[in-house]
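sequence unknown, structure follows:
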């Protein structure tokens, strides 16, 4: 992952007005899908999520709490609208295309909240089948790979500001790693904003999955949720707490500007590993999940992208 990520940096140095992020991911995709990697590489490649989470935590050291909360009430409202649109659209399109109800729910929560993590959490909460989770994850990964390359090009073509693009990316891209990568592929400012907005969506994962589990329980499809507080804590992304803790330490001056700079540089190296890992984890053979989940996923992703773009255009400017 280090070699591939650094190769992306070298290539970007020779191509004006480009970010290394896309090159690192593209090289990783090529290596994964053209060559047969030894099986013992798999645990190392899977560790990219750990580097992503650690990088996000360290990123908190350079973002004071006032910056973290800068999205304010309007930003939180946008996040809630996006999640609602994704789940409602997935439910409607799922019925239209004859998908199983739980598969449609997994697509909705995956697209609306937190990608693969939300799908995995919701699978156990609503007692969905393994095949449903596999279909939903494959669909999410496919569109995540497409958006990584499509969004920066669209943002440049539409003349979006760094702030607007960061909000749009953080609101509409599913997985945290892909959202962060896409934001930084546009600019560092956009990457920082995309990270904060995406973390706001992640923070609501426990609540959204809990509500979904309660709905299915009322229908008699799943067991009752006995301890709601414990359920929420188990589904809360713990790296979000680390991010806020580092941000708090920087805000009160416990972390000096010099130390914050060092931690920020460390986060960039960890993100480099993350982006290479995203590419190396993108196995196109796993994305043949069937046409119906793909069509529903495409419909939900498209509507969410359009709705969030319009919201950002009118609210953020």
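Structure received. Every value quoted in this text rests on a predicted model; they were computed, and no experiment measured them. Numbering: from 1, shown residues only.

Contacts only, for the nearest residue to residue 199 once chain neighbours are set aside.
Take residue 199 and drop its neighbours on the chain: the residue closest to it by Cβ to Cβ, 6 or more residues apart in numbering is residue 240, 5.5 Å away. All C-beta spots, glycine's among them, are computed from the backbone N, C-alpha and C. Neighbouring residues of residue 240 by Cβ atoms under 8 Å, 6 or more residues apart in numbering: 199, 202-203.

Out of those, the closest to residue 138 would be?
Ranked by distance to residue 138 (Cβ to Cβ), the contacts of residue 240 are led by residue 202 at 21.2 Å.

Is it correct that that closest one is in contact with residue 115?
No: using Cβ atoms under 8 Å, residue 202 makes no contact with residue 115, being 9.3 Å away.

neighbour-wise, which of the two wins?
It is residue 115, of residue 202 and residue 115, that has more neighbours when counted by other Cβ atoms under 10 Å, with 28 against 23.

wait, doesn't that one sit right on residue 198?
No: Residue 115 lies out of contact with residue 198 (Cβ under 8 Å); the separation is 9.6 Å.

Find residues that contact each of the two.
In contact with both residue 115 and residue 198: residue 176, using Cβ under 8 Å, 6+ apart.

Report the buried residues of stretch 37-48.
Of the residues in stretch 37-48, 45, 48 count as buried by neighbour count, 16 or more other Cβ atoms under 10 Å.

Contacts made by it with the rest, please.
1, 31, 177, 273-274, 276-278, 280-281.

Quick check: the two most widely separated of those?
Within the contacts of stretch 37-48, 31 and 177 form the most distant pair, 17.2 Å apart (Cβ to Cβ).

out of the two, which sits in the more crowded spot?
residue 177 (28 against 16).

which secondary structure element contains the more buried one?
helix 176-186 (DSSP states H and E).

contacting residues around the nearest residue to residue 272 once chain neighbours are set aside?
With Cβ to Cβ, 6+ apart as the criterion, residue 272 has its nearest non-adjacent residue at 3.8 Å, and that residue is residue 5. Taking Cβ under 8 Å, 6+ apart as the criterion, residue 5 is in contact with 20, 24, 272-273, 275-276.

Neighbour-wise, which one of these leads?
Counting by other Cβ under 10 Å, top hit in these: residue 275 with 33 neighbours.

list the buried ones in stretch 180-192?
180-187, 190-192.

Redo those residues as TSV? Include distance to residue 152.
Below are those laid out as TSV (distance: Cβ to Cβ, whole Å):
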residue	distance to residue 152
180	13
181	10
182	7
183	9
184	10
185	5
186	5
187	9
190	9
191	11
192	15
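
Now the phi/psi pair for residue 14, please.
For residue 14, the backbone dihedrals (degrees, to the nearest 10) come out as phi -100, psi 0.

how far out from the middle of the chain is the helix or strand hosting residue 105?
Per DSSP H and E: residue 105 is located in helix 101-109. Chain-centre distance of helix 101-109: 17 Å, with Cα atoms, centre = their mean, to the nearest Å.

What lies in contact with the helix or strand that that helix is followed by?
Beyond helix 101-109 on the C-terminal side, the first helix or strand identified by DSSP H and E is helix 115-125. Here helix 115-125 makes contact (Cβ under 8 Å, 6+ apart) with 105-106, 109-110, 112, 128, 130, 132-133, 136-137, 140-141, 144, 174-176, 178, 202, 205-206, 208-210, 212-213, 216, 222, 225, 231, 235, 237.

SS state for the most far-flung residue of the chain relative to its centre?
Computed with Cα atoms, centre = their mean, the residue of the chain farthest from its C-alpha average is residue 220, at 31.5 Å. On the three-state scheme (DSSP: H, G, I helix; E, B strand; the rest coil), residue 220 is labelled coil.
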